[in-house]
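A.B. asks: Okay, here's the prediction I keep looking at, along with the sequence it came from:
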Amino acid sequence: MLDKLNEIEKSALESLADVKDQSAVDAWRVANLGRSSPLMQVFSGLGKLSKEEKPAVGAAANKVKVALEAALEERSKAVKETMLAKSLEEEVLDVTLPGRAVNIGRLHPSTQQLRRVLSILAEMGFQVYTSREVESDEMNFQLLNFAPHHPAREMQDSFYIEAEGREDNPILMRTHTSPGQIRAMREAVATNPQNPPPIRIALPGMCYRYEQITARSEIQFNQVEGLAVGEGITFADLKGTLTDFARRMFGSHARVRFRASYFPFTEPSAEVDVECFVCGGKGCQVCKNSGWLEILGSGMVHPTVLENGGYDPRRYTGFAFGMGTERQLMLRNKITDIRYFWGNDERFLEQF
Ligand code: DAH
């Protein structure tokens, strides 16, 4: 029996020399250490041996098993190293090959412009106040001093959500950011009714109008409204603030002009033009040969509006302004069709 074990060990080690890859390693393990291998058969035959023979054969078989396992381990390591060396040599990886670019997302151009405007106003001391997009007629029109039959209040001009049963005060999508003025003033007054604090806020957000969609008009667009209320605020403050804003927005050499205008919620009112930055004021298609581009509406807050906000107009004054941010982007980038903004054509959006 001991001779047989020697024989088993010798022939197993001999055949191990031929093992050259992983599958041969596995096959060798099955053949020489597997359940039906000659060695394992010796183990299962131990029971039939005599008491005297059993310990010696058992110990010898164990020794063979340990030796074969160690030899296999060593061989298997060598095989793995050879395979690795071979694959490193054969499968050369060209690390200089350019990778595939990952498309990263970006902010919508409207959001970018909105943030640009807000960050300039923030530098100038205006805090952001966000108001609601669904408003009542009272907030959107009445408290802003719109006359009862003002054309903007026609059913054809605004998106009404709920009108039946509340003809005096229907619910609508805000047509401008101005109703936020009333909400902001009332909120401030509530903190200290006897001595309301001064206000300096920027009010951004989407506005909605029931309009024919054309190259020049959309049914939704963003505005940023500004409001300053306090004691001793004058038209000079309005002019200084808006001139400064235009220079920060359009460049330090930007020339601005104030044109008398009319809005129900301001008195006096002015529209602000900036010198056309496409032609430098000489006259071109973008400025329709006028040399000027209108960028916003503004004015001193109407006493009635101050009062509706809870501020005593004998003590407080204020100015307000409102601008369309898509319009500014169109001017800035010579975009001729406002429909691009919500068209979601990536070829347009990718350019920002
Ligand atoms: N709400 C006006 C609009 O939608 C814009 C505007 C004009 C806002 C003058 C103001 C202002 O605050 O003073 O066209």
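C.D. replies: Looks like it arrived, so ask away. Residues are numbered from 1 along each chain as shown.
A.B. asks: what about Arg248, neighbour count?
C.D. replies: Using other Cβ atoms under 10 Å, the number of residues around Arg248 comes to 17. All C-beta spots, glycine's among them, are computed from the backbone N, C-alpha and C.
A.B. asks: need the contact list for it.
C.D. replies: For Arg248, the contacting residues are Ile120, Glu123, Met124, by Cβ atoms under 8 Å, 6 or more residues apart in numbering.
A.B. asks: in which helix or strand would I find it?
C.D. replies: Using DSSP states H and E, Arg248 falls within helix 235-250.
A.B. asks: what residues does the stretch 101-250 of the chain put near the ligand?
C.D. replies: His176, Ser178, Glu225 (Cβ under 6 Å from any ligand atom).
A.B. asks: Out of these, give me the one that has the most neighbours.
C.D. replies: That'd be Ser178 among those, by other Cβ under 10 Å, with 29 neighbours.
A.B. asks: Could you tell me how far that one is located from Tyr129?
C.D. replies: Separation of Ser178 from Tyr129 (Cβ to Cβ, to the nearest Å): 12 Å.
A.B. asks: rewinding a little: got the buried residues for the helix holding Arg248?
C.D. replies: By 16 or more other Cβ atoms under 10 Å, the buried positions in helix 235-250 come out as Asp237, Leu238, Lys239, Thr241, Leu242, Thr243, Phe245, Ala246, Arg247, Arg248, Met249, Phe250.
A.B. asks: And for stretch 7-27?
C.D. replies: For stretch 7-27, by 16+ other Cβ under 10 Å, it's Ile8, Glu9, Ala12, Leu13, Leu16, Val19, Ala24, Val25.
A.B. asks: In ChimeraX, select just the buried ones from the contacts of Arg248.
C.D. replies: Selecting the buried subset of the contacts of Arg248 in ChimeraX, with 16+ other Cβ under 10 Å as the burial test, is done by:
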select :120
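A.B. asks: which among the contacts of Arg248 gets closest to the ligand?
C.D. replies: Using Cβ to the nearest ligand atom, Met124 is the member of the contacts of Arg248 that sits closest to the ligand, with 15.9 Å.
A.B. asks: excluding its backbone neighbours, what's nearest the residue in the stretch 51-200 of the chain that the ligand sits nearest to?
C.D. replies: Per Cβ to the nearest ligand atom, His176 is where the stretch 51-200 of the chain lies closest to the ligand, at 3.2 Å. Leaving aside its sequence neighbours, His176 sits nearest to Cys207 (Cβ to Cβ, 6 or more residues apart in numbering; 5.3 Å).
A.B. asks: picking up where we left off before, among the residues of the stretch 101-250 of the chain next to the ligand, which ones are in strands?
C.D. replies: If you go by DSSP state E, these have Glu225 in strands.
A.B. asks: low pLDDT regions in this protein?
C.D. replies: For the chain, no stretch is flagged by pLDDT under 70.
A.B. asks: can you list the domains in it?
C.D. replies: Following automatic domain parsing, one gets these domains for the chain: 2-90, 109-349.
A.B. asks: Run the chain-centre distance for the last one.
C.D. replies: Distance, stretch centre to chain centre, for domain 109-349: 25 Å (Cα atoms, centre = their mean, to the nearest Å).
A.B. asks: tell me the strands in the protein, going along the chain?
C.D. replies: 127-128, 134-136, 160-162, 171-173, 199-208, 220-230, 256-263, 266-275, 292-301, 317-324.
A.B. asks: if I look at Gly205, how far off is Val189?
C.D. replies: Gly205 is 22 Å from Val189, by Cβ to Cβ.
A.B. asks: swap in Thr325?
C.D. replies: For Thr325, the distance to Val189 - Cβ to Cβ - is 29 Å.
A.B. asks: What residues does Ala202 make contact with?
C.D. replies: Counting by Cβ under 8 Å, 6+ apart, Ala202 touches Val117, Leu118, Leu121, Ala122, Phe126, Gln127, Val128, Tyr129, Val224, Glu225, Gly226.
A.B. asks: again, but for Glu211
C.D. replies: Counting by Cβ under 8 Å, 6+ apart, Glu211 touches Asp157, Ser217, Glu218, Ile219.
A.B. asks: Going by neighbour count, which of those comes out on top?
C.D. replies: Top of these by neighbour count (other Cβ under 10 Å): Glu218, with 21 neighbours.
A.B. asks: Could you point out the longest helix of this protein?
C.D. replies: helix 53-90 (DSSP state H).
A.B. asks: The residue nearest to Gly322 when sequence neighbours are not counted pairs with what?
C.D. replies: Sequence neighbours aside, Glu225 is the residue nearest to Gly322 in space, at 4.7 Å (criterion: Cβ to Cβ, 6+ apart). Beta-bridge partners recorded for Glu225 (DSSP bridges): Leu203, Gly322.
A.B. asks: Glu225 contacts Ser178, correct?
C.D. replies: Yes: counting by Cβ atoms under 8 Å, Ser178 is a contact partner of Glu225 at 5.9 Å.
A.B. asks: which residues do these two both contact?
C.D. replies: Common neighbours of Glu225 and Ser178 (Cβ under 8 Å, 6+ apart) are Ala320, Gly322.
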